[in-house]
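[1] Sequence plus the predicted model coming up.
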Amino acid sequence: MPSYVIPDKCDGCKALDKTACQHICPNDLMVLDKETMKAYNQDPQMCWECYSCVKICPTQAVEVRGYADFVPMGASVTAMRSTEDIMWTVQFRSKEIKPKRFKFPIRRGVEEGKAQPFDHYPTGDDDLKSPTLMCEPAGLNTEKGPVRLDKIPTL
Amino acid sequence: MADFETVTVETDLLICGGGMAACGAAVEASYWAKKNGLKVTLVDKAAMDRSGAVAMGLSAINQYVDLNSGNNTLKDYVDYVRNDLMGITREDLVVSIARHVDSTVHLFEKWGLPIWTDADGKYVHEGRWQLMINGESYKVIVAEAAKNALAEAGGEYFERVFITHPLVQDGKCVGAIGFSVRENKVYVFKAKATLCAMGGAVHVFKPRSTGEGFGRSWYPPFNSGASAFFTIYGGAEMTCQEVRFIPVRFKDAYGPVGAWFLLFKAIATNAQGGNYMLDNADELEKWVPYGKVKPRPANIRNWLMMLDVMDGKSPIYMQTHEAIQRIVDTAPDEKTAKKKLRELESEAWEDFLDMTISQAILWAATNTEPEVRPSEIMACDPYFIGSHSGASGAWVSGPEDLQTAETKDEYCWGPPHMTTVAGMFAAGDASGASSHKFSSGSHAEGRIAAKAAISYIVDNNEAPVVDQADVDALTAEILKPLDMFQQHKGATTDPDINPNYIRPTQFMYRLQKIMDEYAGGVSSQFKTSDKLLERGMELLTFLKEDSANLAAQNLHELMRCWENVHRMYQADAHMRSILFREETRWPGYYFRADKPNMDNDNWLAFCNCKYDKNNGEWTMMKKPVKYISG
């Protein structure tokens, strides 16, 4: 498959300005069938199983079935991603093994969309020819004082 | 010709790509562009939030030099990289990246990336140079900062525009050309400087999987050689094109082994329980001095494992359960032991879920609980990357302040990380001989190259001169596969089988079969020879000719056509470079049966090459390896 779309859940992202899975797939695999208004994976053998489509789908209509050419049937890994963490459920092929559930943080201290790129540390000079990058040397760190860039060539 | 609108975008700096290096470039370029009144434009074939090698996430940051801890120096890092690459490395470039990477990691944290910390608030190291992270959204966060930086500096970005070719005028890069994969538009970007950061290449070689799992490469299948083609076609000197990277990973789904080897201290054994690193230690003498350094070079670790595989001692297992048991056994009481076991279990699964979810599916589907039983590991397929333990990419100028009297004439000719083509910069997997930059170092290199490019633009602030005849010819060439399909599709009842053209998937299979069988792929245990390579190059010549008959039914397929042309140039450079280097230096990556030994007297040198698009000729060059660390 590997990513597949559950028709009852997929609404073709009618309410959005673009189809979420089609927007996000790094390999341009997810497409919307304009007649049925359902999405599908147009070239499963080029799928990396990165779950980008699974994580972004607003109706949880996309899931992944392990590669049929080497993965035994019956297991599943499902993801529920929010703005701060992700919940995973791992179902084993053997129903005698209890499914595992994990919750991991995905960002910390900065609200989604608000990553401020510049000025977390002062920038040492405005010289375009110097090796000092934005936020350096202060951003190199910390307690023991700035790393001396001028000392580096001699190693 | 297919009916396409041409969109022309004029900018100062053009960043091609949207991965870690490109995002680093976007942030740094925007900062300096804003101060200098310049415009930055980024173009990505996918969506920046999930493009490039970090699309799925990562469970670790693999380059953090931690200079302020006092535990490490830049020399320590350079020693590690030089030894891992069997002596073939540009120390000036490795240092250039290593001296900045810590500040890049600190910015990631400011942007919201959760880096693991211990009870004292210090970063948790996976190994000496590696930090553990909750990295599911690593790329989303880094892309967010890049997009915000572009917005703040008045720049812009284009998604779903696939760059096919550079624009080069009188030896200077003046932009790039490509097409939208969503609508019938050709994009012409005219720029005063261009930064190439479009990743490495997968699927040049035949992968181990044959069916649906074809796309489950370790490095992503959408990194398809765009950087290599861009720099090769642009006339840039290339380096280390013979160096392919073959990581050892959990078998079939290619889950990461770093946490198991470094954090959990697991041991890999053959099926009889023998430790191939110890049992095959005599082989290390053959590859001294590098065979004896610690940690052992990645290719040497592969090689010692492969010796057991070739001896019929497979499967090779990562002894996960033993490693976990050893850690749990250190707990003072049963309650602490149970808690520790739960923690380890969670860490082990997160390692896969953050970056290789397929491996979690495979473990679940084979009822594998790592605390109960071991898991198979295996060498993957050959990949082309400038990072990790790969080294292939463009030959770029080192920073002037890092040169010695011996190196400056060889390694410094322009602004830092500029290729040998004026105005064309490269970073991340696009630049060569500066291995072990990983995600964080690629971002740092993007930043270094971007500041240098802004400086270059300030010094050379002239409008780019683009020859319209060149643009017209390239436009026709780029769209030709669409015309080819339309013109001939009626000749047969099945569009896949048509004597007039070849579709991109079959074209890719043909390339992969040549590389697999003649250039040392999986099926020959990575072994090749001069005669095999010469025959492979003959067959590649037919493929090159047939690339003029590629056919595409739609825009998606047009992208696939050009991806495979890009791969074909990477393959060409690879075979020529293996043939040029008359020795075997990286057993475990490839073995030249006719030159089975390392020859340090003659080949402690870079193999560089250059392509001339006007006559199709390649020039091979040997360039000296000179260290700055003394």
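    Here it is on my side, so go on.
[2] any idea which residue sits dead centre in the chain?
    You didn't say which chain, so I picked chain A. Nearest to the mean C-alpha position of chain A, by CA atoms, centre = their mean, lies residue A:52 at 5.6 Å.
[3] You answered for a different chain; I wanted chain B.
    residue B:385 (2.7 Å).
[4] Was I right to think that one contacts residue B:217?
    No - between residue B:385 and residue B:217 there is no contact under CB atoms under 8 Å: 11.5 Å. Every residue, glycine included, has its C-beta placed from N, CA and C.
[5] The closest residue to residue B:507 other than its chain neighbours: what secondary structure?
    Excluding the flanking residues, the one nearest residue B:507 by CB to CB, 6 or more residues apart in numbering or on different chains is residue B:564, at 5.1 Å. Three-state call for residue B:564 (DSSP: H, G, I helix; E, B strand; the rest coil): helix.
[6] in terms of contact, does residue B:564 touch residue B:511 like I think?
    Yes - with contacts counted by CB under 8 Å, residue B:564 reaches residue B:511, the gap being 6.6 Å.
[7] Quick check, pLDDT for residue 96.
    Went with chain A since none was named. pLDDT recorded at residue A:96 is 96.
[8] That was the other one, I meant chain B.
    95.
[9] So what's the residue count around it?
    Using other CB atoms under 10 Å in any protein chain shown, residue B:96 has 26 other residues around it.
[10] does any part of the host helix or strand of it sit near chain A?
    Take DSSP states H and E as the rule and residue B:96 turns out to sit in helix B:91-110. Yes - using CB under 8 Å from any CB of the partner chain, helix B:91-110 comes into contact with chain A via B:95-96, B:99-100, B:102-103, B:106-107, B:110.
[11] May I ask which of these has the most neighbours?
    Result: residue B:100 is most packed of those (other CB under 10 Å), 30 neighbours.
[12] surely that residue meets residue A:133?
    Yes - the criterion here is CB under 8 Å, and residue B:100 meets it with residue A:133 at 5.7 Å.
[13] joint contacts of the two?
    B:447-448 (CB atoms under 8 Å, 6 or more residues apart in numbering or on different chains).
[14] ok now stretch A:25-34, how far from the chain's centre?
    Offset of stretch A:25-34 from its chain centre (CA atoms, centre = their mean, to the nearest Å): 16 Å.
[15] let me redo that: stretch B:31-40
    29 Å.
[16] Leaving out chain neighbours, which residue sits closest to residue B:453?
    Per CB to CB, 6+ apart, closest to residue B:453 is residue B:193, 4.3 Å.
[17] Next: residue A:6.
    In space, residue A:6 is closest to residue A:61, 5.1 Å off (CB to CB, 6+ apart).
[18] burial of that neighbour, as a residue count?
    22.
[19] how much space between it and residue A:37?
    Using CB to CB, to the nearest Å, we find residue A:61 at a distance of 12 Å from residue A:37.
[20] What of residue B:558?
    25 Å.
[21] One more: residue A:122?
    In terms of CB to CB, residue A:122 sits 53 Å off from residue A:37.
[22] The closest residue to residue A:45 other than its chain neighbours: what's it in contact with?
    Nearest residue to residue A:45, sequence neighbours excluded (CB to CB, 6+ apart): residue B:214, at 4.2 Å. Residues in contact with residue B:214 (CB under 8 Å, 6+ apart) are A:45-46, B:207, B:221.
[23] Equivalent analysis for residue B:354, please.
    Neighbouring residues of residue B:354 by CB under 8 Å, 6+ apart: A:104, B:56-59, B:133-136.
[24] Kindly recompute the last result at 10 Å.
    Residue B:354 is in contact with A:86, A:88, A:104, A:106, B:56-60, B:132-138, B:256, B:360, counting by CB atoms under 10 Å, 6 or more residues apart in numbering or on different chains.
[25] Check residue B:140 too.
    By CB under 10 Å, 6+ apart, the neighbours of residue B:140 are A:52, A:55, A:81, A:106-107, A:112, A:115, B:48-50, B:54-55, B:57, B:112-113.
[26] what does residue B:596 give?
    The contact partners of residue B:596, taken as CB under 10 Å, 6+ apart, are B:286, B:527, B:529, B:583-584, B:587.
[27] Can you read off the pLDDT for residue A:2?
    At residue A:2, the pLDDT value in this model is 87.
[28] Pretty sure it sits against residue A:49.
    Yes - assessed by CB atoms under 10 Å, residue A:2 is found in contact with residue A:49 at 4.9 Å.
[29] shared neighbours of the two, anything?
    A:64-67, A:71, B:212-213, B:215-216, B:358, B:361.
[30] closest to residue B:450 among those residues?
    Closest approach between the shared contacts of residue A:2 and residue A:49 and residue B:450, by CB to CB: residue B:215, at 31.4 Å.
[31] Distance of the closest one relative to chain A?
    5 Å (CB to the nearest CB, to the nearest Å).
[32] Over to residue B:151?
    Counting by CB to the nearest CB, the gap from residue B:151 to chain A is 9 Å.
[33] got the buried residues for stretch B:514-528?
    B:514-522, B:524, B:526-528 (16 or more other CB atoms under 10 Å in any protein chain shown).
[34] And those, which is the shakiest by pLDDT?
    Lowest in pLDDT among the buried residues of stretch B:514-528 is residue B:524, which has 94.
[35] Contact partners for that residue?
    Residue B:524 neighbours (CB under 10 Å, 6+ apart): B:516-518, B:532, B:590-591, B:593.
[36] about what we covered before: contact partners for the residue nearest to the centre of chain A?
    Residue A:52 neighbours (CB under 10 Å, 6+ apart): A:3, A:20-21, A:23-27, A:30, A:62, B:46-47, B:49-51, B:55-57, B:139-140.
[37] Help me confirm that the residue nearest to residue A:6 comes into contact with residue A:9.
    Yes - between residue A:61 and residue A:9 there is a contact under CB under 10 Å: 3.5 Å.
[38] Common neighbours of these two, please.
    When contacts are counted by CB under 10 Å, 6+ apart, residue A:61 and residue A:9 are jointly contacted by residue A:38.
[39] What residues does the stretch 351-500 of chain B have near chain A?
    B:352-369, B:372, B:399-404, B:415-416, B:444, B:447-448, B:450-452, B:454-459 (CB under 10 Å from any CB of the partner chain).
[40] and the residues you listed, which are buried?
    B:352-369, B:399-404, B:415-416, B:444, B:447-448, B:450-452, B:454-458.
[41] So which of these are in strands?
    Among these, DSSP state E puts none in strands.
[42] Filter these down to the ones in helices?
    Secondary structure from DSSP state H places B:352-353, B:357-365, B:444, B:447-448, B:450-452, B:454-458 of these in helices.
[43] which residues of the stretch 301-450 of chain B fall in strands?
    In the stretch 301-450 of chain B, the strands defined using DSSP state E, counting those that start in this stretch lie at B:316-318, B:375-379, B:393-394, B:424-426.
[44] and what of the stretch 51-200 of chain B?
    Going by DSSP E, counting those that start in this stretch, the stretch 51-200 of chain B shows strands at B:60-61, B:131-132, B:156-159, B:161-169, B:172-180, B:185-190, B:193-196.
[45] Need the winner for burial among these.
    Comparing those by mean neighbour count (mean count of other CB atoms under 10 Å in any protein chain shown), strand B:193-196 comes out on top with a mean of 33.
[46] Show me what it is packed against.
    strand B:13-16, helix B:20-36, strand B:40-44, strand B:161-169, strand B:172-180, helix B:226-233, strand B:424-426, helix B:438-459 (3 or more CB pairs under 10 Å, 6 or more residues apart in numbering or on different chains; DSSP states H and E).
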